[in-house]
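J.: Fold the stuff below for me.
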Amino acid sequence: MNFLPGRETPVPVTGTHVVLKSSMIAPFATGHQSLVLGLGCFWGAERIFWQLDGVLSTAVGYAGGATPNPSYEEVCSGQTGHTEVVLVIFDPKVILGATILNRFFESHDPTQGMRQGGDIGTQYRSAIYVDGELQLNDAQRALNRYQKALDANGYGAITTEVDQLKAFYYAEDYHQQYLAKNPGGYCGLGGTGISCSPEAVAGKAISE
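T.: All right, here's what the predicted structure looks like:
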């Protein structure tokens with residue numbers, strides 16, 4: 001594919017999280033960790049994570065493609081290779097990355113390929129972009145565990161892309177914390193209702 005050229009200049013954002021009142025832009029607090037997660041339309045996805053105790057900040061953007069600093073319209077064209085994602089900055093002393101990954105899998109259907117529900121396109125694909133080998137191993141373990149739970153409930157293969165983060169590009173400012181600014185706004189996310197906990201895979205609580 002011939003990807004769109006994009007631009008050298010990043011999309012400007014205010015940098016302050018409207019809910020958490022923290023910075024969405026580095027540098028972050030000492031000892032923080034980050035995950036970049038794609039699970040469909042990023043408006044509803046971001047709200048899931050900013051509500052978790054131990055999450056210091058969140059931001060929506062684009063990752064996994066080739067076009068530098070793309071616009072929303074360019075990502076929606078399918079010619080950038082990017083998917084809509086949420087940058088999650090968290091304190092591992094309060095919440096584990098594994099806990100965030102569990103919530104990620106439980107909050108959408110990761111078997112749908114290039115879509116999420118009625119939202120169709122490459123920008124809606126499921127993805128986990130990590131920082132380092134330890135997170136990569138955590139992500140793969142969570143995926144394998146959730147695949148077993150899905151298998152037990154008749155679902156197909158997980159299509160989630162798991163890789164090291166190469167670049168995260170901030171989305172336009174009006175997308176940041178969209179559902180806090182627009183409480184009645186669209187959220188198309190819907191999980192499978194199946195738990196990703198180790199107990200679920202062991203057969204103690206396969207479905208909620």
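
J.: Only C-alpha atoms from now on, for both contacts and neighbour counts.
T.: Will do.

J.: State which helix of this protein is the longest.
T.: helix 133-151 (DSSP state H).

J.: Buried residues, that one. List them.
T.: Residues of helix 133-151 classed as buried by neighbour count (16 or more other Cα atoms under 10 Å): Gln135, Leu136, Ala139, Ala142, Leu143, Arg145, Tyr146, Gln147, Lys148, Ala149, Leu150.

J.: any chance of the residues you listed in a markdown table, with distance to Trp43 too?
T.: Converted to a markdown table, the buried residues of helix 133-151 look like this (distance: Cα to Cα, whole Å):
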| residue | distance to Trp43 |
| --- | --- |
| Gln135 | 24 |
| Leu136 | 25 |
| Ala139 | 23 |
| Ala142 | 24 |
| Leu143 | 23 |
| Arg145 | 27 |
| Tyr146 | 24 |
| Gln147 | 26 |
| Lys148 | 29 |
| Ala149 | 27 |
| Leu150 | 25 |
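
J.: any chance of these in a markdown table, plus distance to Val86 and pLDDT?
T.: Shown next, in a markdown table, are these (distance: Cα to Cα, whole Å; pLDDT from 0 to 100):
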| residue | distance to Val86 | pLDDT |
| --- | --- | --- |
| Gln135 | 16 | 97 |
| Leu136 | 17 | 97 |
| Ala139 | 16 | 98 |
| Ala142 | 18 | 97 |
| Leu143 | 18 | 98 |
| Arg145 | 22 | 96 |
| Tyr146 | 20 | 98 |
| Gln147 | 22 | 98 |
| Lys148 | 26 | 97 |
| Ala149 | 25 | 97 |
| Leu150 | 24 | 97 |
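
J.: Out of those, which is nearest to Leu56?
T.: Nearest to Leu56 among the buried residues of helix 133-151: Gln135, at 18.0 Å, using Cα to Cα.

J.: could you list every residue that touches the residue positioned nearest the centre of the chain?
T.: Ranked by distance to the mean C-alpha position of the chain (Cα atoms, centre = their mean), the top residue is Leu37 at 2.1 Å. Applying Cα atoms under 8 Å, 6 or more residues apart in numbering, we find Leu37 in contact with Val85, Val86, Leu87, Val88, Phe104, Ser126, Ala127, Ile128, Tyr129.
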